[in-house]
Every structure is written in C-alpha cells, then in structure tokens.
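Please work out how this folds:
(one chain, ligands or ions: 2)
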Amino acid sequence: MSVPVTAIRGIGPAVADLLQQQGISSVHDLLAFRPRRYEDRSRFVPLDALKPGVSAVICAVVQGVQTRYSKRSGLAVTTVRLRDAGGEADAPFFGQAYIANSFRDLARSGSSIVAWGSSRLSRAGGVWFDVREWEPWDPEGDPLSVGRLVPIYPALPGVSQKRLRRWMLSALDLCAASMPEALPRATRVAQRLLPVEAAWRNLHFPASAQLAESARVRLAFEELLVLQLRLARLRHARGAAGRVSAGTDTVITEMQQALGFTFTQGQSEATAALVRGMAAGRSLHGLLQGDVGSGKTAVCLAAALAVLRSGSSVALMAPTEVLAVQHYRKAQAAFAPLGIGVGLMAGGRSEAPAGEGPSLLVGTHALIFGDGDLRGVGLVIVDEQHRFGVQQREALRARCGNPHLLVTTATPIPRSLALALYGDLDVVALRELPPGRSPVRTHWRRPSQRDQVYAGVAEVLRRGRQAYVVCPAIDADGFASVTATAVRLQQGALVDWTVGELHGRVPVAERDAVLARFRDGKIDVLVATTLVEVGVDVPNAAVMVIEDADRFGLAQLHQLRGRVGRGAHASYCVLIAEPATEQGASRMEALVGTNDGFEIAEADLLLRGAGELDGVRQSGASGLRFADLAGDGDLLERARRLAQGLMRRDPELSQTEHRLLAEALRGQACGGPA
Ligand code: ADP
Ligand code: MG
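Residues are numbered from 1 along each chain as shown. Ligands and ions are numbered 1, 2, ... in the order given. This next block holds a predicted model:
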C-alpha cells in the first residue's frame with residue numbers, strides 16, 4: 001500500500017505531476033530522494049575569517065547588486081555585495097543576468113542569504129566569494145534550514161531546497177514510524193545497524209555527521225541484502241539441465257594433448273569446478289573470470305569437451321567475427337583429431353560441422369538470429385560476456401532449451417561488483433597466468449617522443465617479433481588515425497617492414513585474412529582500431545603502441561595491453577599521450593603502475609564510479625540508491641553472507657520474522673504505512 005505525495009501539505013496535483021516526472025509518486029519515493037550532501041549551518045564562518053580556497057558556509061546581508069557585460073564575450077557578470085558583522089565580500093555570478101532581480105529584492109528589504117562556496121582574494125585586496133549554492137535566509141521562519149546539519153538535495157526544477165525540506169519533515173511525520181522494519185531484530189543488533197525509523201529520520205535531518213552516515217549504511221545494507229536475496233533465489237530456482245558424466249581427469253588429459261600444453265593448476269581446478277557443476281543435475285550458471293591472457297579459452301574448450309563426451313552439443317558465442325573465427329580455428333585444430341565436428345556461424349560465413357554426432361558450433365550474434373539447429377545443445381558458452389547484454393545471453397539460452405551456461409569475462413571486475421552483478425552465477429576465477437610469461441612492461445611517453453618510440457619498435461621487430469599500433473580513429477583529423485599512422489610508419493620509421501591495417505571499414509571478409517597474415521608473420525606491424533581489443537591471440541607479438549592513449553578507458557587500455565605478453569618473449573606496451581585532464585593522467589599512471597587487472601578494475605571503479613563501468617549500466621545494479629559499490633565492498637560481503645545464511649535456514653522466508661523481508665523482496669515494502 002502506498003501513500004501518494006498529495007497527502008503532504010503543500011503538495012497539490014500540479015506539484016505532484018512535477019514530482020511524478022522525477023519518478024516520485026509516493027511518500028516513500030519522496031523519502032528515498034536522498035540528500036546529496038549536508039551543510040553544517042550550526043556555525044557560519046564570518047566573512048573576515050574566510051580562508052582562500054577552503055569551502056565554507058556563510059550568512060550575510062545582501063547590500064547591493066550590479067550587472068556588467070563583458071566587452072569581449074558579452075557575458076553578463078552580476079556582482080552581489082555581501083556584508084556581515086565583521087567583513088565584506090563580493091559574490092560574482094556569471095551569465096545569469098536574471099539572478100540580479102532576486103538579489104535586488106533581497107537588497108531592498110535588507111535580507112540575508114546563506115551561501116556555500118569558497119573565497120579568493122581579488123587583485124585589489126578585496127574578497128571574492130564564489131557561490132556554489134545559496135538560498136534566502138529567514139532567521140525565524142525555518143528551523144530546518146539553519147542552526148543544524150542541513151540536507152542539500154539534488155536540484156528539482158521549480159522546487160526550492162526550503163520547500164523540499166518542509167515536505168521531507170511532513171513525509172517523515174506521516175510515514176517514518178510505520179516504515180516496515182525489514183531486518184529481523186537480531187540481525188539488526190548483530191550488524192550494529194540503526195532501527196529503520198531512526199535511519200530515515202537521520203538520513204534527512206541528522207543529529208551529527210556520523211548519524212547521517214549510519215543512516216545511509218543502514219538503508220544501503222537493506223538494499224544490498226534484498227539484491228543478494230534476489231540473486232540467491234534466482235540461483236535456487238534454476239531448472240534441471242543435462243547431467244554431464246564425463247570425468248574431469250580424462251577431459252583434461254585429452255585437452256592437454258590436443259592443445260599441446262599442460263594446464264596450469266588454476267585451469268585444472270576451474271575445469272574441475274565447472275564439470276562438477278554440470279554433473280549435479282541442476283543447470284550450471286558459471287562465470288569464468290580471469291585476466292587477459294590467463295588462458296580462459298582452454299578451460300572453455302575442456303568444459304565443452306566434457307559436454308560433448310556426454311552426448312550433447314555445445315554453442316560458443318564471441319562478440320566479434322574476428323574472435324569467433326579465431327576460436328573456430330583453434331577448436332577445429334583441437335577437436336578434429338578427437339573426431340568431433342566444429343561449425344562456424346558468423347556474419348557472412350557459415351561452415352557446417354563435419355560428421356555426425358554432437359558438435360561444437362562457434363559463432364557471433366548470428367547464433368541467436370541465424371537458422372542454425374541448436375536443439376541438443378547442452379552447454380552455451382558466451383565469451384567476453386560483458387560485450388553482450390543479459391538479454392542476448394538469455395535469448396541464446398532460450399534457443400537451446402535449458403542448457404548449462406558458462407560466461408567468461410576478461411574485464412576483471414572488482415569482487416564487490418561481481419557479487420552485485422553476478423551473484424546468481426558461480427564464479428570461477430583464474431588467478432595466475434600460464435608459466436613462462438614475462439610481465440609486460442608499460443611506458444608512458446609524450447607525442448614529442450614518438451620517434452624514439454618507433455625506433456624502439458623497429459629494434460624489437462629486428463629480433464623477429466611483431467607489433468600492434470592502436471589508434472582511436474580510422475581516419476579522423478586531430479588525433480592519430482589508423483590510415484595516416486599506417487602510411488607514416490610504412491614510409492618512415494618502419495620502412496623495412498610490412499605494415500597492415502585493420503579497422504571497421506575493412507570488409508568483414510577481409511578482416512580475417514588480414515589477421516591470418518599477421519598470425520603467419522606476413523604482416524609485421526598491425527595498425528588497428530580497438531577491433532583488436534578483445535581476444536585476439538598472436539603470441540609472437542611483443543609490442544603494443546597505443547596512440548592518444550588518454551582517449552581510451554582504463555579497462556580498455558588493459559585489454560589492449562593484454563594482446564602482448566602472450567608468449568615467452570619480453571613484451572612491452574607504450575602509451576603515447578598528452579592527457580588534457582588529471583583523470584587522464586591518473587589512468588596512464590595506473591596502467592604504468594600495475595599489470596594486475598584486478599587492481600586496474602579497482603582503480604577504474606574509483607576514478608569513474610560504478611555507474612560508468614561496462615556491464616553495470618545494462619544490469620541496472622547502478623540503480624542502487626544508498627549503496628556505493630566502490631566504497632561499500634565490506635557491507636556487500638556482509639549482506640551476501642547473511643543472504644546465504646537466510647537461504648539455508650528459511651529459503652521461502654516464511655518465518656514470521658522474515659515476513660517483511662519477503663515483502664521487500666517482492667518490491668512491496670516501499671509503500672509507507674502497512
Ligand atoms: P584469455 O584468457 O585472454 O582468453 P587465451 O585463452 O587466449 O587467454 O590464452 C592466452 C594464450 O595462452 C594462448 O596463446 C594460449 O594458447 C596460451 N595458453 C593458455 N593456457 C596455457 C598453458 N597452460 N600453458 C601454456 N600456454 C597457455
Ligand atoms: Mg579470450
């Protein structure tokens with residue numbers, strides 16, 4: 001049951017419509033509209049005590065207003081003169097001529113404003129106060145906006161902060177006491193969390209900064225717990241799938257022979273875990289996570305072999321045609337001697353598997369939309385799954401009946417994200433790289449050092465190795481493009497070697513040929529777009545140069561770097577960049593600083609925030625209101641452990657003390673008074 005916002009005094013139908021547009025229709029929605037920050041207005045900083053560059057909240061009388069127009073740009077500059085008992089300051093507002101009217105009224109009535117911002121000294125020795133936020137101040141009228149920690153909300157068009165605060169107080173009075181306490185008391189105490197009412201009250205009008213954070217943590221915990229319970233249920237509800245009977249040891253032995261190398265311990269363990277998961281009768285939803293170059297393909301093929309040997313077929317989907325064809329080749333070389341047919345279905349190309357019996361079908365999205373016969377498929381493998389949406393993965397699964405599912409990702413995901421996004425999957429991680437690899441050394445160079453960089457590349461080519469050069473564009477101006485770079489290198493620094501090009505405008509049919517020539521050593525230097533970002537595996541390539549590297553994201557750069565260092569040769573990666581922003585520079589430094597994809601992912605999460613990461617956007621996990629996946633890792637772990645315990649003890653959540661939690665799970669606890 002939900003209480004509409006119109007139950008609050010001062011909210012009529014017109015305002016309700018306005019709120020509706022922001023997704024706020026019930027009182028609970030309104031309460032969940034959380035403050036962006038809090039402002040300490042228990043103490044204002046006197047104007048003569050402002051420290052330049054330090055944020056402060058001031059309270060001052062508006063003395064006068066002046067608007068000038070810049071001669072050069074025509075920009076309006078409105079200067080508001082402020083004064084308090086001890087000092088004076090000028091607050092400039094740029095390009096907001098209309099703002100002068102509000103201040104003129106305030107000046108006329110001798111009113112004050114509360115403003116948040118920071119000061120700097122003017123050349124004439126006066127004080128400038130750069131206002132980030134302000135509102136008129138009424139010393140008597142509004143105890144919610146002064147003398148305390150004051151909540152500052154995200155801007156809502158047409159609604160002042162003051163009005164919002166009043167609504168919030170009414171909303172709390174209406175609903176806070178009857179908010180459902182979804183957490184059982186024992187849990188709440190054990191986890192040292194605030195009771196629900198106190199949490200909502202302190203979220204909006206905290207008695208202290210600590211209480212504001214405790215309130216957020218309490219609400220975040222509940223949110224994460226519900227998410228984890230949902231995922232745990234999904235896991236619980238999985239149907240049965242074909243039982244795999246092949247033995248792990250046999251499969252690994254056969255695969256090692258076929259691939260010509262010995263599995264690492266990690267690969268063997270991962271294979272065993274996956275085969276075990278498929279032998280249980282319930283369908284496996286596995287996530288094979290491992291850094292670039294950790295050897296996920298071999299594990300996928302081994303898992304495939306286990307299914308094939310048990311009498312079912314396997315479908316393997318890759319995000320690009322280049323990668324699908326590479327897998328197809330590898331799988332064919334490995335499986336043909338074992339008498340297993342391998343087929344291809346990618347863009348323009350399709351090859352039927354040879355022979356009768358269960359087979360491996362490799363392809364791109366074409367697998368989902370094509371007319372291939374996917375009945376009898378007992379395992380679906382989605383390689384580099386973060387490149388696909390959940391819908392695509394599920395569409396492919398649906399075409400195959402109810403098969404086992406194995407997805408891989410080389411975008412290392414911080415554990416907190418993996419739990420939030422894939423809590424319904426069994427995560428199997430490859431932590432080590434195959435033996436004999438020497439770590440890729442990474443250097444950051446300026447564009448002015450380009451000649452030295454390519455002289456170094458030539459040196460490596462002379463030793464028989466190959467190189468990639470990645471550019472952000474095919475042929476745009478302004479930054480390094482594939483075509484211009486390829487010509488420049490071929491005619492200049494790398495005149496003695498064969499330079500090839502690979503990008504989205506090379507016809508699909510030719511891309512594979514280009515890559516094959518690179519693989520066979522007929523092309524020495526491949527200048528490419530990020531088309532080579534995922535999956536491409538040419539062990540003889542030992543140098544990766546990335547032009548205008550600051551144009552790429554951190555995860556992407558790490559992926560690109562992962563194209564080298566795949567063989568025994570000493571390899572290196574050169575980032576050529578003159579970053580325009582501090583964040584760009586931090587990305588370069590992060591990459592130079594570590595080869596560990598997990599560390600990179602953590603850094604990425606901190607630099608960009610969870611909402612920006614690939615895969616998160618699609619999954620909707622960034623829809624979390626209170627939890628912050630970058631900072632709440634511990635909280636998430638706690639919620640996950642609790643969810644698992646609950647699922648063991650009371651899977652249906654039918655005990656009385658879990659009733660409200662069950663309701664929250666059904667999305668109904670958000671209704672206000674029950
Ligand atoms: P990714 O995990 O990025 O998909 P790949 O599966 O493409 O990595 O493997 C990277 C390279 O390592 C390939 O050339 C592969 O043949 C090789 N490789 C994988 N496992 C081993 C191993 N156990 N010993 C030696 N080389 C291996
Ligand atoms: Mg791969």
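
From what I see, Leu575 and Val592 are in contact.
Yes. Applying Cβ atoms under 8 Å, one finds Leu575 in contact with Val592, separated by 7.5 Å. Any C-beta I mention is one placed from the backbone N, CA and C, and that applies to glycine too.

what's the overlap in contacts for these two?
Thr442, His443, Trp444 (Cβ atoms under 8 Å, 6 or more residues apart in numbering).

Could you check how far the first one is from Glu197?
So that's Thr442. Thr442 is 53 Å from Glu197, where distance means Cβ to Cβ, to the nearest Å.

So those two - more neighbours on which side?
Thr442 (21 against 15; other Cβ atoms under 10 Å).

Surely the more buried one is in a helix?
No. Assigned with DSSP: H, G, I helix; E, B strand; the rest coil, Thr442 falls outside any helix and is strand.

Between Leu575 and Val592, tell me which one has more neighbours.
Comparing Leu575 with Val592 by other Cβ under 10 Å, the one with more neighbours is Leu575, at 25 against 14.

who are the neighbours in contact with that one?
Here Leu575 is in contact with Thr442, His443, Trp444, Arg445, Ile546, Ala549, Leu557, Met588, Leu591, Val592 (Cβ under 8 Å, 6+ apart).

The residue of the stretch 401-550 of the chain at minimum distance from ligand 1: what secondary structure?
Closest contact between the stretch 401-550 of the chain and ligand 1, by Cβ to the nearest ligand atom, is at Pro434 (3.5 Å). Of the three states, Pro434 takes coil according to three-state DSSP.

what's the nearest residue to it if we skip its chain neighbours?
Gly295 (5.2 Å; Cβ to Cβ, 6 or more residues apart in numbering).

My guess is that neighbour contacts Gln267. True?
Yes. Contact between Gly295 and Gln267 holds when scored by Cβ under 8 Å: they sit 5.7 Å apart.

Filter the contacts of Leu575 to keep only those in contact with ligand 1.
Restricting these to those touching ligand 1 (Cβ under 6 Å from any ligand atom) yields no residues.

still on that earlier bit, give me the neighbour count for the residue of the stretch 401-550 of the chain closest to ligand 1.
Pro434 has 19 nearby residues by other Cβ under 10 Å.

phi, psi of the closest residue to Lys51 other than its chain neighbours?
Closest residue to Lys51 apart from its sequence neighbours, by Cβ to Cβ, 6+ apart: Ser119 at 7.4 Å. Main-chain dihedrals, Ser119, degrees, to the nearest 10: phi -110, psi 160.

Which of the helices and strands in the chain ranks last by mean pLDDT?
helix 616-619 (a mean of 44; mean pLDDT, DSSP states H and E).

Now the element after it, going C-ward?
Using DSSP states H and E, the helix or strand that follows helix 616-619 in sequence is helix 633-649.

pull the longest helix from the chain.
helix 209-236 (DSSP state H).

Let me see the mean pLDDT of it.
Averaging pLDDT along helix 209-236 yields 89.

got the domain boundaries for this structure?
The chain breaks down by automatic domain parsing into domains covering 1-42+150-170, 43-147, 248-280+295-409, 440-594.

Quick one: closest of those to Met647.
Among the domains of the chain, the nearest to Met647 by Cβ to Cβ is domain 248-280+295-409 (17.0 Å).

And the residue lying closest to Leu121 once chain neighbours are set aside, how far from ligand 1?
For Leu121, ignoring the flanking residues on the chain, the nearest one in space by Cβ to Cβ, 6+ apart is Pro52 at 5.9 Å. As judged by Cβ to the nearest ligand atom, to the nearest Å, Pro52 and ligand 1 stand 51 Å apart.

same deal with Ala352?
From Ala352 across to ligand 1, the span is 25 Å (Cβ to the nearest ligand atom).

Now do Gly389, the pLDDT please.
Value for Gly389, per-residue pLDDT: 67.

Same question for the one 3 residues further on.
pLDDT, the model's per-residue confidence, is 78 for Gln392.

host element of it?
Under the criterion of DSSP H and E, Gln392 resides in helix 390-399.

how many other residues sit next to the residue lying closest to Val377 once chain neighbours are set aside?
Spatially, and ignoring its direct neighbours in sequence, Val377 is nearest to Cys400 (4.0 Å; Cβ to Cβ, 6+ apart). Using other Cβ under 10 Å, the number of residues around Cys400 comes to 22.

and if you look at the one 5 residues further on?
Neighbouring residues of Leu405 were enumerated by other Cβ under 10 Å; the total is 23.

Quickly note the distance from it to Leu661.
From Leu405 over to Leu661 the distance is 28 Å, taken as Cβ to Cβ.

cool, Gly239 as well?
25 Å.

do the same with Pro539
52 Å.

out of these two, which sits in the busier spot?
Leu661 (24 against 16).

pretty sure the more buried one is in contact with Arg230, am I right?
No. Assessed by Cβ under 8 Å, Leu661 is found out of contact with Arg230, at 11.4 Å.

what about the residue nearest to Ala280 when sequence neighbours are not counted, neighbour count?
In this structure, Ala280 finds its nearest non-sequential neighbour in Arg243, 7.8 Å apart by Cβ to Cβ, 6+ apart. Neighbour count of Arg243, defined by other Cβ under 10 Å: 13.

same thing with Leu82?
By other Cβ under 10 Å, the residues close to Leu82 number 25.

who touches the residue nearest to it when sequence neighbours are not counted in this structure?
Spatial nearest neighbour of Leu82, chain neighbours left out: Ala60 (3.9 Å); criterion: Cβ to Cβ, 6+ apart. By Cβ under 8 Å, 6+ apart, the residues touching Ala60 are Leu47, Leu82, Arg83, Asp84, Ala89, Ser112, Ile113, Ala115.

Go again with 7 Å.
Residues near Ala60 by Cβ atoms under 7 Å, 6 or more residues apart in numbering: Leu47, Leu82, Arg83, Asp84, Ser112, Ile113.

Tell me the spacing between it and Leu50.
From Ala60 to Leu50 the distance is 11 Å (Cβ to Cβ).

just to revisit the earlier point, quick one: which of the contacts of Leu575 sit in strands?
Among the contacts of Leu575, the members falling in strands (DSSP state E) are Thr442, His443, Trp444, Arg445, Ile546.

which parts of the stretch 351-500 of the chain sit against ligand 1?
Applying Cβ under 6 Å from any ligand atom, we find that the stretch 351-500 of the chain lies next to ligand 1 at Ala410, Pro434.

give the contact list for the nearest residue to Ser122 once chain neighbours are set aside.
Closest residue in space to Ser122, ignoring its immediate chain neighbours: Trp128 at 5.3 Å, by Cβ to Cβ, 6+ apart. Shown in contact with Trp128 (Cβ under 7 Å, 6+ apart): Ala89, Asp90, Pro92, Ser119, Arg120, Ser122.
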